[in-house]
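K.L.:
Next comes the sequence, and after it the predicted model I'd like to discuss.
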Amino acid sequence: DTSNSGNLPHYNDLALQIRDMRIDLNPPSAVRLACEGGAVVNFEQCEIIDPVTQHLAELLGTQRFAIAPMLSTERLTGLLVADNLITGSVISERATRLLHILANQAAVAIERGRLYDEQLARAEELELSNTLLAESQDQIVRIEKMSIMGQMISSLVHELRNPLTIVGGFANILRHTATSDEQKEYLGIIAGETRRTEIVLDQILEFCRSSKSDGVNCNLVDV
């Protein structure tokens, strides 16, 4: 019964107090007994309240309350506390049974929510790993293509340099034995252009050599 609006500020203050509340389960207490035994404790029927539970009663503002552990697969996920501060009525046995059922259902819901969050996080982690793996595979394919192209270009450069060397060599020989200035000029042009082509091929070959990388075995997940 929350029709008595004069008591609502109490619950607003209570929410702020219990939000960061921690209960020490090391010393003997009714709260610890409830958590270990998995049973509802109705303080309507308890005359002695230990310091830990008394502190909880002071926060609630009443000595009439019941606590029910929230257990899921034998795992304690929380503590459900109910009081009759507003109505002031006695907490019945039927009410404690309903509280126990509610606590168990709430514990199952929390556990399922936790498992769902874990599965979701795991799925996101796997998706990220698959993305990284796919990117690594694409990169490996590109590297292999570049390597094959480098080998082809290197082979082509060697094939072109051999006849160019021969052409340039014979052009220089003929230039020294030519009888006319016009022949010497033409042969000089052939030898010069041949040499210039050889320099370009040397630059291409040097670039291919510098672009090569040493292959090593590695774990793609780590990469």
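P.N.:
Arrived safely, thanks for sending. Numbers count the residues shown, from 1 in each chain.
K.L.:
show me what contacts the closest residue to residue 42 other than its chain neighbours?
P.N.:
In space, and not counting its chain neighbours, residue 42 is closest to residue 66: 4.6 Å by C-beta to C-beta, 6 or more residues apart in numbering. C-betas here are computed from N, CA, C, even on glycine. Residues in contact with residue 66 (C-beta atoms under 8 Å, 6 or more residues apart in numbering) are 40-44, 81-83, 91, 95-96, 99.
K.L.:
So which of those residues sit within helices?
P.N.:
Using DSSP state H, the members of the contacts of residue 66 that fall in helices are 95-96, 99.
K.L.:
Now distance to residue 180, neighbour count and pLDDT too, for those, in JSON lines please.
P.N.:
Converted to JSON lines, the ones in helices among the contacts of residue 66 look like this (distance: C-beta to C-beta, whole Å; neighbours: other C-beta atoms under 10 Å; pLDDT from 0 to 100):
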{"residue": "95", "distance to residue 180": "124", "neighbour count": "17", "pLDDT": "87"}
{"residue": "96", "distance to residue 180": "124", "neighbour count": "20", "pLDDT": "86"}
{"residue": "99", "distance to residue 180": "119", "neighbour count": "19", "pLDDT": "88"}
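K.L.:
Out of these, which comes closest to residue 50?
P.N.:
Using C-beta to C-beta, residue 96 is the member of the ones in helices among the contacts of residue 66 that lies nearest residue 50, at 19.5 Å.
K.L.:
related to what we said a few turns ago, right, and out of the contacts of residue 66, which lies closest to residue 163?
P.N.:
Looking across the contacts of residue 66 and measuring by C-beta to C-beta, the closest to residue 163 is residue 81, at 94.7 Å.
K.L.:
Skipping its backbone neighbours, what lies nearest the closest one in space?
P.N.:
Counting by C-beta to C-beta, 6+ apart, residue 67 is the residue found nearest to residue 81 once chain neighbours are left out, at 5.1 Å.
K.L.:
thinking again about what came up before, can I assume the residue nearest to residue 42 sits in a strand?
P.N.:
Yes. Assigned with DSSP: H, G, I helix; E, B strand; the rest coil, residue 66 falls within a strand.
K.L.:
List the beta-bridge partners for it.
P.N.:
Applying DSSP bridges to residue 66 yields these beta-bridge partners: residue 42, residue 82.
K.L.:
from now on call the first residue 363
P.N.:
Renumbered: residue one is now 363, and that last one reads residue 428.
K.L.:
Got the confidence number for it?
P.N.:
Note on residue 428: pLDDT of 87.
K.L.:
Number of residues surrounding the residue nearest to residue 443?
P.N.:
Neighbourhood size, residue 429 [other C-beta atoms under 10 Å]: 24.
K.L.:
Roughly how far does it sit from residue 445?
P.N.:
Shown here: residue 429 relative to residue 445, a distance of 10 Å by C-beta to C-beta, to the nearest Å.
K.L.:
Repeat that for residue 432.
P.N.:
For residue 432, the distance to residue 445 (C-beta to C-beta) stands at 17 Å.
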